[in-house]
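[1] my questions are about this predicted structure, shown below with the sequence.
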Amino acid sequence: MGPSGRMNDSTKTTTAEALLGMLSVGAKSGYELKGFIHQSIGYFWNESFGQIYPTLKRLEKDGLVVATEGERSGSKVYALTEAGRERLRAWLGMMPRAQVMRNEMLLKLFFGSQVAAATMRSHVAQYRDQRFAEVQTYSGIRARIQSRFAGHPALPYWLITLNWGQIEAEALLRWSEETLVTLDAMVEAGR
């Protein structure tokens, strides 16, 4: 937040808001936050320990979280304060910033004429296999969270974000299969 108490629009990262959101689910240590991020939003948002701990200290200093001693010696458990909850709500009310996509697969394919088509075909085949595995993973996650969190007020929102990932993975799987048809024809033609 800026000196006026408003969020700084020039902020390049939303690490603070991601952590506030994670803490809105319940108090956690930095280590627990990293694990919870990996299990939940880690499919579309990632934070490293190098980002988490300094951000938690800043959030504590700003009065957005409060730290208490954890069960392990020297560990801290962080909980959202009302000011932190207000900051999270304010951020949630703002339209997300547009993001420029960076996709190394597309970058390599764009310049793919510089190597044999078989090289690009190999990359796309591996990419397809990864997307297939993602589709399976998302199906398993859906079943687990629907069972484990039935009736939880956040469940519909969690399923919405899961649905994005599943549909995106399915679309990229389809794209991979269509691209392999094109690349197979190019390999067969000797390009």
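    Good, I have the coordinates. Since the structure is predicted, the reported quantities are computational estimates derived from the model, not experimental observations. Residues are numbered from 1 along each chain as shown.
[2] now do the helix or strand of the chain with the lowest mean pLDDT: which elements does it pack against?
    Taking mean pLDDT, DSSP states H and E as the measure, helix 30-39 is the helix or strand of the chain with the lowest mean score, a mean of 87. With contacts defined as 3 or more Cβ pairs under 8 Å, 6 or more residues apart in numbering; DSSP states H and E, the secondary structure elements packing on helix 30-39 are helix 15-25, helix 49-61, strand 76-80. C-beta coordinates here come from the backbone N, C-alpha and C atoms, glycine included.
[3] mind running it again at 10 Å?
    Judged by 3 or more Cβ pairs under 10 Å, 6 or more residues apart in numbering; DSSP states H and E, the packing partners of helix 30-39 are helix 15-25, strand 28-29, helix 49-61, strand 76-80.
[4] so which of the ones you listed comes closest to residue 182?
    Closest approach to residue 182 among those is made by helix 15-25 (38.2 Å; Cβ to Cβ).
[5] this structure - how does it break down into domains?
    Per the record, the chain has its domains at 15-92, 104-188, by automatic domain parsing.
[6] ranking the ones you listed by burial, who's on top?
    Mean neighbour count, computed with mean count of other Cβ atoms under 10 Å, is highest for domain 15-92 among the domains of the chain, reaching a mean of 16.
[7] and residue 164, which of the helices and strands packed on helix 30-39 is closest to it?
    The closest approach between residue 164 and any of those, judged by Cβ to Cβ, belongs to helix 15-25 at 16.1 Å.
[8] so which elements touch the closest one?
    Helices and strands in packing contact with helix 15-25 are listed as helix 30-39, helix 49-61, strand 65-69, strand 76-80, helix 82-92; criterion 3+ Cβ pairs under 10 Å, 6+ apart.
[9] need these in TSV (columns: distance to residue 120).
    Converted to TSV, the helices and strands packed on helix 15-25 look like this (distance: least, Cβ to Cβ, whole Å):
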stretch	distance to residue 120
helix 30-39	31
helix 49-61	34
strand 65-69	47
strand 76-80	46
helix 82-92	41
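[10] which of these has the lowest mean pLDDT?
    Ranked by mean pLDDT, these end with helix 30-39 in last place, scoring a mean of 87.
[11] mind checking how far residue 139 is from residue 50?
    Taking Cβ to Cβ, to the nearest Å as the measure, residue 139 and residue 50 are separated by 33 Å.
[12] repeat that for residue 87.
    Using Cβ to Cβ, which is the criterion applied here, residue 87 is 22 Å from residue 50.
[13] over to residue 97?
    Taken as Cβ to Cβ, the spacing of residue 97 relative to residue 50 amounts to 23 Å.
[14] residue ranges with poor pLDDT in the protein?
    Along the chain, the model assigns pLDDT under 70 to residues 1-13.
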